[in-house]
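Participant: I need the structure of the sequence given here:
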Amino acid sequence: MLNKTSSRFDKGGSGTGSSDVNPAAAPRRSHRIAAIQMASGPNVQANLNEARRLIEMAAAQGARLVALPEYFAIMGLRDDDKVKVREPQGRGPVQQFLSDTAKRCGIWLLGGSVPLESALPEKIRNSSLLYDDSGTLVARYDKIHLFGLDLAGERYSEEKTIEAGDAVVVAETPFGRIGLSICYDLRFPELYRAMTGVDLIMVPSAFTETTGRAHWETLLRARAIENLAFVMAPAQGGYHVNGRETHGNSMIVDPWGVVLDRLPRGSGVVCASIDPGYQSRLRASLPALRHRTLHDC
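Facilitator: Numbers count the residues shown, from 1 in each chain. Take a look at the predicted model:
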């Protein structure tokens, strides 16, 4: 059974504590947000340097909330390379980079996924970390659904190197209620229903080209439409040193399913403005979330 956590981060664990951010009291105005697309490699420092360049580009375009893709810090030559660079919560070069960059740029920053220590020495927690504009960690989500594929010679089995999380995480922020998820989670709509009334869904990803070409955009737009929520999906996009090809097509989708901006391939920034007033009007006009009856499904 999954647990549900909400609000600001409690540094004593992977859950969340009480919040000192009251989104209901915040002005209902538009916010500029940005999704970063990368083609990360096995060198952590090189990846962080590229992430820094792209984050600064997004901030220069007025983005106040910026999100990096899954595995932004390392796409290793072997699956277990990420285990070798895993970090304890609250310490390590990747987490320090995220905290320092958020504070320096004055933005909220999502580290799409960071390899954190798990209870098992041969595995990691694939963790999405959200920092506020003071560089403080406010939410952590550990990927729940672990990708597996055996199709036409293409094989993946994340359970070999990743320990699954078990908590649904929603962060209360000045941008509204943000629901955290990672990549393969996108295929499980019940996760997003369990978030209850989120305004913005994060889906940092490293979709394969095979599955991404077939399903990526369809799934993102479906999650946006059925939850009447904005969706931000920063992705890995291109060819990697390890021979893997990722689909790219980072995008931001509005609650009506309209793609506001996208980047097909290569490194870059996807930007859009999200308007809470527009979202509220849609939810009032089409109150599908209030019409739900099968709440236990």
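Participant: residue contacts, the residue most central in space within the chain?
Facilitator: Closest to where the C-alpha atoms of the chain average out (CA atoms, centre = their mean) is P204, at 3.5 Å. By CB atoms under 8 Å, 6 or more residues apart in numbering, the contact set of P204 is 67-70, 72, 110, 112-113, 128, 182-183, 233-235. (Glycine included, C-beta is placed from N, CA and C.)
Participant: check E50 too.
Facilitator: Under the criterion of CB under 8 Å, 6+ apart, the neighbours of E50 are M38, S40, S267.
Participant: tell me, how many residues neighbour the closest residue to the residue nearest to the centre of the chain other than its chain neighbours?
Facilitator: Nearest-residue entry for P204: G112, 2.8 Å, with adjacent residues in sequence omitted and distances by CB to CB, 6 or more residues apart in numbering. Neighbour count for G112, taken as other CB atoms under 10 Å: 31.
Participant: now do the helices in the stretch 1-150 of the chain.
Facilitator: Ranges of helices within the stretch 1-150 of the chain are 44-60, 81-84, 93-105, based on DSSP state H, counting those that start in this stretch.
Participant: for P88, phi and psi?
Facilitator: The phi and psi values for P88, taken as degrees, to the nearest 10, are phi -70, psi 150.
Participant: bridging residues for the spatially closest residue to it that is not a sequence neighbour?
Facilitator: Sequence neighbours aside, E117 is the residue nearest to P88 in space, at 5.1 Å (criterion: CB to CB, 6+ apart). Using DSSP bridges, the bridge partners assigned to E117 are I124.
Participant: what is the neighbour count of E117?
Facilitator: 18.
Participant: for it, what are its contacts?
Facilitator: With contact taken as CB under 8 Å, 6+ apart, E117 is in contact with R86, E87, P88, Q89, I124, R125.
Participant: quick check: the gap between it and R86.
Facilitator: Noted for E117: a distance of 5 Å to R86, by CB to CB, to the nearest Å.
Participant: next: D275.
Facilitator: Distance of D275 to R86, given as CB to CB: 39 Å.
Participant: quick one: which of these two has more around it?
Facilitator: Applying other CB under 10 Å to D275 and R86 shows that R86 carries more neighbours, namely 21 against 16.
Participant: how far away is the more buried one from R177?
Facilitator: Taking CB to CB, one finds R86 at 29 Å from R177.
Participant: which non-adjacent residue is nearest S99?
Facilitator: Nearest residue to S99 in three dimensions, chain neighbours excluded: G135, at 4.0 Å (CB to CB, 6+ apart).
Participant: what sits against the one you found?
Facilitator: By CB under 8 Å, 6+ apart, G135 lies in contact with S99, D100, A102, K103.
Participant: let me know which of the helices of the stretch 1-150 of the chain is the nearest to K143.
Facilitator: For the helices of the stretch 1-150 of the chain, proximity to K143 was assessed by CB to CB; helix 81-84 is nearest, at 12.3 Å.
Participant: can you give me the buried ones in the closest one?
Facilitator: Neighbour-count burial for helix 81-84, counted by 16 or more other CB atoms under 10 Å, picks out D81, K82, V83.
Participant: same check, this time on stretch 198-218
Facilitator: Buried residues in stretch 198-218, defined by neighbour count with 16+ other CB under 10 Å: 198-209, 211-212, 216-217.
Participant: and those residues, which is closest to T293?
Facilitator: Looking across these and measuring by CB to CB, the closest to T293 is V198, at 20.0 Å.
Participant: tell me, how many residues neighbour the closest residue in space to that closest one that isn't next to it in sequence?
Facilitator: Excluding its sequence neighbours, the residue lying closest to V198 (CB to CB, 6+ apart) is G179, at 3.8 Å. G179 has 28 neighbours, counted by other CB under 10 Å.
Participant: name the element G179 belongs to?
Facilitator: For G179, the enclosing helix or strand under DSSP states H and E is strand 176-180.
Participant: list the strands paired with that strand, with their directions.
Facilitator: Applying DSSP bridges, one finds strand 176-180 paired with strand 167-173 (antiparallel), strand 200-202 (parallel).
Participant: quick one: residues in contact with the last one.
Facilitator: So that's strand 200-202. Contacts to strand 200-202, defined as CB under 8 Å, 6+ apart, come from residues 33, 67, 110, 128, 175-181, 192, 195, 223-224, 227, 229-233, 274.
Participant: OK, contacts around V269?
Facilitator: Neighbour list for V269: A34, A35, I36, Q37, L54, M57, A58, Q61, A63, L263 [criterion: CB under 8 Å, 6+ apart].
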